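K.L.:
Sequence below, structure please.
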Amino acid sequence: MTASTSIRIDQTLYDQARSEAQAEHRSISGQIEYWAKVGRAALDNPDLPVSFIAESLAALAEPREDSSEFSPRSRRR
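P.N.:
Now for the predicted structure:
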């Protein structure tokens with residue numbers, strides 16, 4: 001079981017998280033945690049685009065059995 005802590009955040013940020021959470025099928029706290037993970041990874045890796053970081057975190061969260069084997073789109077000659 002994960003421990004929880006209550007925090008106060010700006011109402012506008014909460015409303016944005018609620019809207020994004022609905023679209024992404026997450027809880028509001030899950031959306032804020034996701035933003036925090038992406039933000040932390042972006043700060044730790046300033047040379048990487050945020051979209052790459054977000055996609056990488058999403059890929060890491062997928063169950064291994066749902067992944068497909070890599071196959072290159074083109075062959076080198």
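K.L.:
Any idea how far stretch 8-27 is from the middle of the chain?
P.N.:
Distance of stretch 8-27 from its chain centroid, counting by Cα atoms, centre = their mean, to the nearest Å, is 14 Å.
K.L.:
same question, stretch 6-16
P.N.:
18 Å.
K.L.:
Let me know the average pLDDT across it.
P.N.:
For stretch 6-16, the mean pLDDT works out to 95.
K.L.:
Now do the end-to-end distance for it.
P.N.:
End-to-end distance of stretch 6-16: 18 Å, with Cα to Cα, to the nearest Å as the criterion.
K.L.:
What residues of it count as buried?
P.N.:
Buried residues in stretch 6-16, defined by neighbour count with 16 or more other Cβ atoms under 10 Å: none. Any C-beta I mention is one placed from the backbone N, CA and C, and that applies to glycine too.
K.L.:
what does stretch 37-52 give?
P.N.:
Buried, per 16+ other Cβ under 10 Å, within stretch 37-52: 38, 41.
K.L.:
How about residues contacting that stretch?
P.N.:
Outside stretch 37-52, the residues within contact range by Cβ atoms under 8 Å, 6 or more residues apart in numbering are 53-54, 56-57.
K.L.:
Fine, thanks again, bye for now.
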